[in-house]
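Chemist: Sequence and predicted structure below; questions after.
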Amino acid sequence: MGRHVRGVVGLSLAASAGLMGTYVGYPGLRKAHAVTVCEVSSTGDNDAAPYTPGQLRYCVDQVRTAGGGTITFAESTNGTAIKLEGNLPEVTLTSSVTITGNGASKTILDGDYNSAFYFDGDSPVTVTVTGMTIKDAEDADGGAIQTENDAVIVVTNSRFEGNNASGGNGGAIDASGNVTVSGSTFTSNTATGDDPEGGEGGAIRTSAGNVYITGSTFTSNTAGHEGGAIRTSGGNVTVTESTLTTNTADDAGGAIRTSGGDVTVTGSTFSGNTATIGDGGAIFGGGDVTVTDSTLTTNAAGGNGGAIWDSIGMVSATNSTFTGNSATNGGAIMVDEFVGNAYLNFVTMSGNTTSGDSSGAVDSFGIATVKNSIVWDNTGGDVIAQGTTFSASYSLFSSTSSVSPTVTVPSLIFGEDPLLGSLADNGGPTQTMLPGAGSPVLGVANPAGAPSTDQRGFTRTTDGFADMGAVQRAAQAPAADLSQVPPSWHQAQSREQREAECPPGMAPSWAQWPNEGTGGWTCEYTTWWDVNEGVGGGWVTTPGLRTGSMPGR
């Protein structure tokens, strides 16, 4: 775009202002594109230019022209899938873009094996997708969403189903920057390419960024090579309060594969994930792997590390349960190289198996440290520290011969049945194995430095005793925080409103919370609470509660 020297040729700035209205700013500055706002009001798709106003393709083209903007969906599109007739236009961004649906069950994009969203834009450009389903989209990379040049992707309260990277990477999402996902589901997405051409990240692949997952579910995603659900090249992966189940990689990292990046897992479940011929049935880490308050069960590797394989860093697990995992070597955890160590504290490991000459639970090429843990009944043995240093205290093992090298410490228990219950819902967000009454692990762990809660989030006893393993049998469940319970539909609909100053897009409303005797006036978004959408809707309260008594009471 050319530089504007004057408002109108031959006229001064003041004169041009008189003819054209007030002009603000230095006239030599280049005028930026105006960011567009476009509403999709039709579920049709005419893929021949000129595009039809009101259709998604038209709105994507408007964003392309403006270099950024916002796409919303009218209620008239709810419940009817928008079926693509061809690939959506590619978009180069100069600013961020936001695509906001009306909920994953209401706003549905059916790719019909065409490419959906492709964005090219340098960071800090952000692509945000909220409240929609994208299914059956297909491209060489990133069937549903693809970004280039470090653009950031943020996904909330959405579903990705049956999308495919045909011969490439990232079945649902292929990114070059950070990817953040919350409150979303990824099901049966595939990256079908073969090494070295692709096949990485059945659901998500990023070539240069980190992946952050919160409150989300990844089920039955498949990678033809590595990272059945998630693959990063150098970036970290953080998983919080999420579930990854039955994801598969033909080679390594049944659920997650990183190269040089750390993996941090908190309050989550990994179950039934498989690395068919490679390592890391659930997680293949290229840096440190840290697991807290989580359960890893029935994951399998054709190679090493049924639950976790780490090629170079440390594997650290606290307040976590490993059961039913299997591999050729290292049924639950295997750490390669002498710089890689294994560290367990308040962990329960039982029923893990190996078919090779290795430990069913932990096989560390470096140092192994086990504290306050139950490592019991694992086929092939409990712990092998091939780096020749094995440190253990306040823990229970199957026998003295189940660990190598041999350790003799008074606080250790060998050969006594811990009376573990089967993996079950014992409270909290993840399943656990509760020791039975009379178990030898009760009250004999070292309380010094013990986590304040067990795996379930239950406070450990305060009488100076702690149990070995992930679960404190005599723990106290946390009290419910009723202040966080949203009002019922009837309460929300029957609130009286009164005039008050609220931010744009919000309205004053009476808030009557379950644990309050009165209530107060608050500014709220009047968004719909739909239990099927989880946190995707609701009456969202912002700061600014004004206390008082309700009129007429």
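Modeler: All right, it came through fine.

Chemist: how does this protein divide up, domain by domain?
Modeler: 1-31, 32-221, 483-548 (automatic domain parsing).

Chemist: what sits against the most centrally placed residue in the chain?
Modeler: For the chain, Ile213 is the residue whose C-alpha lies nearest the centre (Cα atoms, centre = their mean; 1.7 Å). Taking Cβ atoms under 8 Å, 6 or more residues apart in numbering, we find Ile213 in contact with Val181, Ser182, Ile230, Val237, Thr238, Val239, Thr240, Ser242. Placement of C-beta: from N, CA and C, glycine included.

Chemist: Which of those residues fall in strands?
Modeler: Val181, Ser182, Ile230, Val237, Thr238, Val239, Thr240 (DSSP state E).

Chemist: Return the member of those residues nearest to Ala479.
Modeler: Nearest to Ala479, judged by Cβ to Cβ, of these is Thr240 at 22.3 Å.

Chemist: Report the separation between the closest one and Asp417.
Modeler: Going from Thr240 to Asp417 by Cβ to Cβ, to the nearest Å gives 34 Å.

Chemist: the more surrounded of those two?
Modeler: Neighbours per residue (other Cβ atoms under 10 Å) separate Thr240 from Asp417, with Thr240 holding more: 18 against 13.

Chemist: how far away is that one from Val265?
Modeler: In terms of Cβ to Cβ, Thr240 sits 8 Å off from Val265.

Chemist: for Arg57, same thing?
Modeler: From Arg57 to Val265 the distance is 40 Å (Cβ to Cβ).

Chemist: Who has more neighbours out of those two?
Modeler: The neighbour comparison of Arg57 against Val265 (other Cβ under 10 Å) goes to Val265, with 28 against 23.

Chemist: Which residue ranges of this protein form helices?
Modeler: 13-20, 56-66, 489-494 (DSSP state H).

Chemist: Least reliable of those by average pLDDT, please.
Modeler: For those, mean pLDDT drops lowest on helix 13-20, to a mean of 31.

Chemist: Next, count neighbours for Gly421.
Modeler: Neighbour tally, Gly421, other Cβ under 10 Å: 15.

Chemist: which stretches of the chain aren't confidently modelled?
Modeler: 1-35, 123, 194-197, 337-339, 388, 462, 481-553 (pLDDT under 70).

Chemist: Contact partners for Gly387?
Modeler: Contacts of Gly387 (Cβ under 8 Å, 6+ apart): Phe338, Asn341, Ser364, Phe365, Gly366, Ile367, Ala368.

Chemist: Buried ones among those residues?
Modeler: Buried residues within those, counting neighbours by 16 or more other Cβ atoms under 10 Å: Asn341, Ser364, Phe365, Gly366, Ile367, Ala368.

Chemist: Pretty sure Ser96 sits against Val125.
Modeler: Yes - look at Ser96 against Val125 with Cβ atoms under 8 Å: they come within range, at 5.4 Å.

Chemist: which neighbours do those two share?
Modeler: Contacts common to Ser96 and Val125, judged by Cβ under 8 Å, 6+ apart, are Gly68.

Chemist: what's Ser77 in contact with, if anything?
Modeler: Ser isn't right for residue 77; it's Thr. Val40, Ser41, Ser42, Thr43, Asn102, Lys106, Thr107.

Chemist: and if we set it to 6 Å?
Modeler: Thr77 is in contact with Val40, Thr43, counting by Cβ atoms under 6 Å, 6 or more residues apart in numbering.

Chemist: do Thr290 as well
Modeler: Taking Cβ under 6 Å, 6+ apart, one finds Thr264, Ser316 in contact with Thr290.

Chemist: Let me have the buried ones among the contacts of Gly387 in JSON lines, adding distance to Asp454 as columns.
Modeler: What follows is those, written out as JSON lines (distance: Cβ to Cβ, whole Å):
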{"residue": "Asn341", "distance to Asp454": "24"}
{"residue": "Ser364", "distance to Asp454": "25"}
{"residue": "Phe365", "distance to Asp454": "30"}
{"residue": "Gly366", "distance to Asp454": "28"}
{"residue": "Ile367", "distance to Asp454": "26"}
{"residue": "Ala368", "distance to Asp454": "23"}
